[in-house]
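Chemist: Predicted coordinates and the sequence they were generated for:
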Amino acid sequence: MDAERQRERLVSTLQAEGVLRSVRVARALRAVPRHLFVAEPGLGYIDRPVGIGQGQTISAPHMVAIMGEALDLRPGQRVLEVGAGSGYHAAVAAELVRPGGQVLSIERFPELADRARANLRRAGVHEVEVVEGDGGEGWPEGAPYDRVYLTCAAPDIPQPLLDQLAPDGILLAPLGPREEQVLTRVRRGPQGWVREELGGCVFVPLVGRFGFSA
Ligand code: SAH
């Protein structure tokens with residue numbers, strides 16, 4: 001089966017499971033050729049995490065779908081991603097903020113950052129900039145961001161990321177201990193921060209000042 005048909009089948013499955021609810025997120029998953037971000041042949045359209053080197057993984061498609069729905073990404077938005085990995089998730093986010101939007105993604109491994117840039121180029125994605133650093137610190141030069149999300153687990157939300165979030169922004173992160181986390185959405189409400197827990201999940205750790213040790 002060719003990649004496009006495999007991708008279509010994956011999207012239909014995620015819709016049937018109720019994970020993919022909006023037309024926009026479904027369209028974004030259909031648009032991004034995930035196999036270009038997964039080195040092992042044949043694993044691009046299986047709904048599970050896949051190794052991408054340096055002990056890291058590209059998230060399972062259902063998790064990218066869940067986060068895509070929860071973030072409510074809109075054209076023109078500025079997005080900060082922590083954990084570029086393969087670049088796939090950033091490519092999906094870029095699709096959702098097109099036209100006019102921009103995704104900045106921070107990766108701590110220079111080797112992965114390089115590969116993410118190459119993958120994104122190959123996939124024809126031009127709205128993502130990948131930078132190297134400790135994503136817990138955010139990237140103040142580009143702030144404020146309409147949306148901030150972490151693709152790695154943190155014990156709690158790093159304060160710099162809250163500081164760099166736009167007043168009506170949304171932050172999404174897997175929060176909790178190293179072994180398992182709760183996908184948590186945070187927005188600023190009239191009385192302060194409002195937190196919602198969206199369900200259990202397991203991500204690789206955020207390593208650095210606001211995260212875990214390597
Ligand atoms: N979004 C990625 C998933 C990557 S897994 C994809 O679609 O492929 C999480 C990534 O977070 C890993 O690449 C890991 O190296 C990175 N990471 C962990 N701690 C980090 C930190 N402090 N700053 C930036 N990136 C970090």
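Modeler: The structure has been received and is ready for your questions.

Chemist: what about the most centrally placed residue in the chain, distance to the ligand?
Modeler: Centroid-nearest residue in the chain: His89, 4.4 Å away (criterion: C-alpha atoms, centre = their mean). From His89 across to the ligand, the span is 3 Å (C-beta to the nearest ligand atom, to the nearest Å). C-beta coordinates here come from the backbone N, C-alpha and C atoms, glycine included.

Chemist: Could you tell me which residues of this protein lie near the ligand?
Modeler: Within the chain, the positions lying close to the ligand (C-beta under 6 Å from any ligand atom) are 52, 56-59, 82-83, 85-86, 88-89, 106-109, 112, 134-136, 151-152, 204, 206-208, 211.

Chemist: Among the residues you listed, the buried ones, what's the ChimeraX command?
Modeler: Entered in ChimeraX, the line below selects the buried ones among those, by 16 or more other C-beta atoms under 10 Å:
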select :52,56,57,58,59,82,83,85,86,88,89,106,107,108,109,112,134,135,136,151,152,204,206,207,208,211
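
Chemist: so what's Pro130 up against?
Modeler: No Pro there; residue 130 is Val. Ala84, Gly87, Ala90, Ser105, Ile106, Glu107, Ala113, Ala116, Arg117, Leu120 (C-beta atoms under 8 Å, 6 or more residues apart in numbering).

Chemist: Return the subset of the residues you listed lying in helices.
Modeler: Residues of the contacts of Val130 located in helices (DSSP state H): Ala90, Ala113, Ala116, Arg117, Leu120.
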